[in-house]
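> Predicted model and sequence below, questions to follow.
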Amino acid sequence: MSDFSEKDTIVQVGKYKVQVIRELCIGAASCVAFSPDTFSLDDEKKAVVNGQSADEANVIMAAQSCPTKAIIVEDTETGEQVWPS
Amino acid sequence: MTVLGDLKTTCDPNWCPGCGNLPIWAAFKNACVEKDWNNKNSALVAGIGCHGHILNFTKLTSFEGLHGRPLPVANGIKMANHMLNVFVFTGDGDCLGEGGNHFMHTARRNHDVNVFLHDNALYALTTGQTSPATPHGYKTKSTPQGNPDYPLNPMLVAVAAGATFVARAYAGDINYLKELMIQAAEHKGFSLIDILQPCTTFNKIMTHEFLQQNTYHLGPEYNPADKQAAMLKAQEFGEKQIPLGVFYKEDKPSYESQLPQLQEMPLIAHKVVRDDVTELFKEYI
């Protein structure tokens, strides 16, 4: 996982630990399009990861759709960073 | 009630990372959920272009037609069953280039269809050529020394042609775009939302950052019933000067509301009294 800044959110989604790097987020909202249960934009139009999401299936695609690679996904079962690979 | 899962198809989006089509898709799906747009009350039409893929990713009854021709199809659907919400997804090339004629006259006749114009200011599916919306001087594959043409202004054309709901949004503002989509659908008559969207692969100027930094929302002092104000506002486009919101709104009878054949029931509910047209043909051939 990348260095965690105060406003970054990290949430466990199924077997994945998902983090949005706030500094990189430009509010393109691609992640929200793929996985509206997991991601939303806050008042500053930055992506945040919502708690208690179960939308494991779309998380990887949501991360891959981000133009700035602001979403980090780690498989907590293997300890490997799935994206960016 | 429609839930997001109902709209999921077996295809996952193949748009580029950061593509403006993604948040447009999200806004539309959210609107479907909020207003319960489903296969019984809605139909989608798209033209050709990256925007058209939205039909593959949204599980609603859809028709993807010829390049530039979604509007005639949409008008036909609306006349056949005017109880349906008809949503048209089209691109700036599709709508203003190949389909320019249909765009102008669908607006003029005030057909009750909702046009969501995916405006990334170039032809993206064919890898970045100049479209009628490309800014003057912009270098594309088809204009490597700069675009010698000046862009067509869809807002201005729509208002001038007679459209009765003309709005503009930025693709990345999902909630605002969703609200505009709902307003457009509830408006009785031709609705246009010019959706400014980045093409992250081929348009290196109209990026998310550019659109976020140079757009603003029309305030409460703006009167969308004022057609002259709409014409002036439609011509405003520049650094920190790209207005978003409802530019023009007018209550005027839609085309379909004036057809006597549709007064009692939708056309599809009429009993077919003659399905053999052989004798009719003999009169003409």
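Yep, that arrived. Numbers count the residues shown, from 1 in each chain, chains lettered A, B, ... in the order given.

> List, one by one, the residues from the stretch 1-150 of chain B near chain A.
Counting by Cβ under 8 Å from any Cβ of the partner chain, the residues of the stretch 1-150 of chain B close to chain A are B:4, B:12-13, B:15, B:17-19, B:22-23, B:25-26, B:29-30. Bear in mind the C-beta positions are built from the backbone N, C-alpha and C, glycine included.

> at 10 Å instead, please
Within the stretch 1-150 of chain B, the positions near chain A by Cβ under 10 Å from any Cβ of the partner chain are B:4-5, B:8, B:12-13, B:15-30, B:33, B:57.

> Let's see which of those end up in helices.
Residues of these located in helices (DSSP state H): B:N21, B:L22, B:P23, B:I24, B:W25, B:A26, B:A27, B:F28, B:K29, B:N30, B:V33.

> got TSV for those, with pLDDT and neighbour count too?
Listed next are these as TSV, based on pLDDT from 0 to 100; neighbours: other Cβ atoms under 10 Å in any protein chain shown:
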residue	pLDDT	neighbour count
B:N21	96	29
B:L22	94	30
B:P23	93	30
B:I24	95	28
B:W25	94	25
B:A26	91	26
B:A27	94	29
B:F28	96	24
B:K29	94	25
B:N30	92	22
B:V33	95	19
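
> which one of those sits closest to B:Q213?
Closest approach between these and B:Q213, by Cβ to Cβ: B:P23, at 17.0 Å.

> and B:K78, what element?
B:K78 belongs to helix B:70-80 when assigned by DSSP states H and E.

> Run through the strands of the stretch 1-150 of chain B in chain order.
Per DSSP state E, counting those that start in this stretch, the stretch 1-150 of chain B carries strands over the ranges B:42-46, B:62-64, B:85-91, B:114-119, B:122-123, B:129-130.

> With A:D42 as the reference, name the closest of those strands.
Here strand B:114-119 is closest among the strands of the stretch 1-150 of chain B (Cβ to Cβ), at 25.6 Å.

> can you dump the C-alpha coordinates of the closest one into PDB?
Only the C-alpha atoms of strand B:114-119 are listed here, as PDB (Å, rounded to 0.1, in the frame of the first residue of the first chain):
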ATOM      1  CA  ASN B 114     -34.200  13.300 -25.000                       C
ATOM      2  CA  VAL B 115     -30.800  13.800 -26.700                       C
ATOM      3  CA  PHE B 116     -27.700  13.200 -24.600                       C
ATOM      4  CA  LEU B 117     -24.900  14.600 -26.700                       C
ATOM      5  CA  HIS B 118     -21.500  13.000 -25.800                       C
ATOM      6  CA  ASP B 119     -19.400  16.000 -26.800                       C
END
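
> wait, B:P132 sits on B:L117?
No: look at B:P132 against B:L117 with Cβ atoms under 10 Å: they stay out of range, at 11.6 Å.

> Please identify which of those two sits among more neighbours.
More crowded of B:P132 and B:L117, by other Cβ atoms under 10 Å in any protein chain shown: B:L117, with 26 against 21.

> tell me the contacts of residue 34?
Using chain A. Taking Cβ atoms under 10 Å, 6 or more residues apart in numbering or on different chains as the criterion, A:F34 is in contact with A:55, A:57-66, B:12-13, B:22, B:25-26.

> right idea, wrong chain: chain B
B:M1, B:T2, B:K178, B:E179, B:M181, B:I182.

> I'd like the distance between the residue lying closest to B:P154 once chain neighbours are set aside and chain A.
The shortest distance from B:P154 to any non-neighbouring residue, by Cβ to Cβ, 6 or more residues apart in numbering or on different chains, is to B:D194 (5.2 Å). According to Cβ to the nearest Cβ, to the nearest Å, B:D194 stands 18 Å off from chain A.
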